[in-house]
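just a sequence and a predicted model for now, questions to come.
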Amino acid sequence: MAEASGDLVRAAGMPSDPKALRLWWGALDPSVRAGLLAADGERLVAAGVLGPVEYEWHAPDDGAGPFAQRPPGPGDYAKGIMAEHLLVGGGTFAGFTDAARHMQHYLEATGEPLNVDVDRFLRDDGTLRGLVAEQISKHQEEWRQTALDAYAQSGGAPVAVPVEAVRHRTSDPASQRNWYLAIGSHAFATSGVVTVRPGADGKPRVSMQYQVSVWDRYNWDPGKSTPIAGTNIKDSDLADLHQTGLAKEFDLTGRSTPVTVLLPDPAPGPQNVGEHGSGWEGGRVDPGRETR
């Protein structure tokens, strides 16, 4: 059965490139999407089909400019040592584990993307959880109706419709010091699919499987400073490390474990709260600008 479902996904032409996957998934017929998810949903979700199909993140600015644009001097090496001891070592000691991890990766100067633990980000940051719930609450009826329209057009065959909502924010420097230093301003999306299937009573059953994705460009912009461990660190000093090749800017990205919630008929009164603070019954699935 697993081999047969894999053959179905391969026959549908699922690409491996992330951008091509996004375009492919968005162009599929809703009933084909539902069939593929039923046949091999775990593989598709692991590949990233719950991410946005319309929004594509790009770094908001050029950061500190070209990498290694000038040779380092003694003062630059001193700045690197300061960053290693104060920001990596001191940050780890102070419990700013993500901030220290991201600085360490910066100092390794590979420029390779780094994964963000979005599940823990959501657990730590109640404001982010609230914004995710707000996105779902704001768009749930629109998303539900779009999926029901596709279900009617399919003649009652199961359908799956991509949905997404994107927002930009900055972590609070007081209550979320670790995440403020680790990721600062960033984009996040609540996205996934709304699926409609015939229920046991013949009525359509509407559910949504979604995840939260986060993107940022780790860089230090001249003209700002950040107080850390009693020392005022100039962003320009840290930007110098990139400009001299002693560190290198990189992309931060990550996505949460998928969650499934039911989208019942609108009804007055309070509703149950799901895993990420959304207002429906639902739970974590164990298989990882605004709206459409």
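Yep, it's here.

point out where this protein drops to low pLDDT.
1-12, 222-223, 225, 227-231, 267-292 (pLDDT under 70).

and it, what are its domains?
When the chain is parsed with automatic domain parsing, its domains come out as 1-49, 50-284.

of those, flag the one that's most buried.
domain 50-284 (a mean of 18; mean count of other Cβ atoms under 10 Å). Where you see a C-beta, it was placed from the backbone N, CA and C, and this is true even at glycine.

and that domain, how far out from the chain middle?
Taking Cα atoms, centre = their mean, to the nearest Å, one finds domain 50-284 lying 4 Å from the centre of the chain it belongs to.

start at 457, not 1
With the count now opening at 457, the last piece we talked about shows up as domain 506-740.

which residue is the nearest non-sequential neighbour of residue 535?
Closest residue in space to residue 535, ignoring its immediate chain neighbours: residue 693 at 4.9 Å, by Cβ to Cβ, 6 or more residues apart in numbering.

name the SS class of that neighbour, please.
helix (DSSP: H, G, I helix; E, B strand; the rest coil).

list the contacts for the residue nearest the centre of the chain?
Closest residue to the average C-alpha location of the chain: residue 669 at 1.1 Å, with Cα atoms, centre = their mean. Residues counted as contacts of residue 669 (Cβ atoms under 8 Å, 6 or more residues apart in numbering) are 507-508, 574, 644-645, 647, 709-712.

the same query, at a cut-off of 10 Å, please.
Residue 669 sits next to 504, 506-508, 511, 513, 572, 574, 620, 622, 643-648, 709-712 when contact means Cβ atoms under 10 Å, 6 or more residues apart in numbering.

partner residues bridging it?
residue 645, residue 711 (DSSP bridges).

swap in residue 661?
Beta bridges link residue 661 to residue 653 when assigned by DSSP bridges.

as a quick check, tell me the outermost residue of the protein.
residue 530 (39.0 Å).

got the phi/psi numbers for that one?
Backbone dihedrals for residue 530, given as degrees, to the nearest 10, come out at phi -60, psi -40.

cool, residue 647 as well?
phi -150, psi 160.

in this structure it contacts residue 511, no?
Yes - the pair residue 647 and residue 511 passes the contact test of Cβ atoms under 10 Å, sitting 8.0 Å apart.
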